[in-house]
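Engineer: Got a sequence here, can you build the structure:
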Amino acid sequence: MGLLRIHIQKGVNLAVRDVTSSDPYVVIKMAKQKLKTRVVNKSLDPEWNEDLTLSISDPTLPIKLFVYDKDTFSLDDKMGDAEFEIGTFLEALRMRLGGLPSGTIVTRVQPNRENCLAEESCIVWSDGKLVQNMCLRLRNVETGEIELQLEWIDIPGSRGV
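Structural biologist: This next block holds a predicted model:
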């Protein structure tokens, strides 16, 4: 189908897993694919600003996100997880929009019990392309959110979305 670029922007108010801080990194998983960011040392509000790119063949599969604290002499500590779906984003892509003013909100996804959104997620036409901004509330942890942005990359010769 195509590629999904996930821009991992930052973590907000992550959990303490060392004495007073943590050394967090993010792992993204979808089916058999697994990608991870670099470690940001001693930060509860890390800024990664890293792009991770998944190859999408089945758009119905959820994308799972895990946050870990890097430890040197023991197993890395879990710092929460979240998951998200890309169905609404792909529906917006299928509209084949073009010529919209940059910053136009195409659609919105509301937080609910079925998703991990911490706040409304907007799908926006920005600089000639469609992006979705998300703030995910981490589960299975006392505190923490991850901010990211999705962008679709068409593969020449593929049938696209």
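Engineer: so where's this protein uncertain?
Structural biologist: 157-161 (pLDDT under 70).
Engineer: let's go with 80 and repeat that
Structural biologist: Within the chain, the ranges that satisfy pLDDT under 80 run 98, 155-161.
Engineer: Helices of that one, residue ranges please.
Structural biologist: For the chain, applying DSSP state H gives helices covering 87-94.
Engineer: All the strands of it, in order from the start?
Structural biologist: 2-12, 24-30, 33-36, 47-56, 63-69, 77-84, 104-109, 121-126, 129-137, 145-154 (DSSP state E).
Engineer: Tell me the strands beside the longest one, with direction?
Structural biologist: Within its sheet, and counting by DSSP bridges, strand 2-12 is paired with strand 47-56 (antiparallel), strand 145-154 (antiparallel).
Engineer: Please work out the angle formed by the directions of it and strand 63-69.
Structural biologist: Here strand 2-12 runs at 40 degrees with respect to strand 63-69, directions being taken by axes from the mean of the first three to the mean of the last three Cα atoms, to 10 degrees.
Engineer: isn't M134 right up against L150?
Structural biologist: Yes - taking Cβ atoms under 8 Å as the definition, M134 is a contact partner of L150 at 7.0 Å. All C-beta spots, glycine's among them, are computed from the backbone N, C-alpha and C.
Engineer: more neighbours, these two?
Structural biologist: M134 (26 against 21; other Cβ atoms under 10 Å).
Engineer: So what pairs up with the more buried one in the strands?
Structural biologist: Bridge pairing for M134 - DSSP bridges - gives L148.
Engineer: mind starting the numbering at 45 from now?
Structural biologist: With 45 as the first residue, the last one maps to M178.
Engineer: how near is it to G142?
Structural biologist: M178 sits 24 Å away from G142, taking Cβ to Cβ, to the nearest Å as the criterion.
Engineer: what's the answer for S87, then?
Structural biologist: 40 Å.
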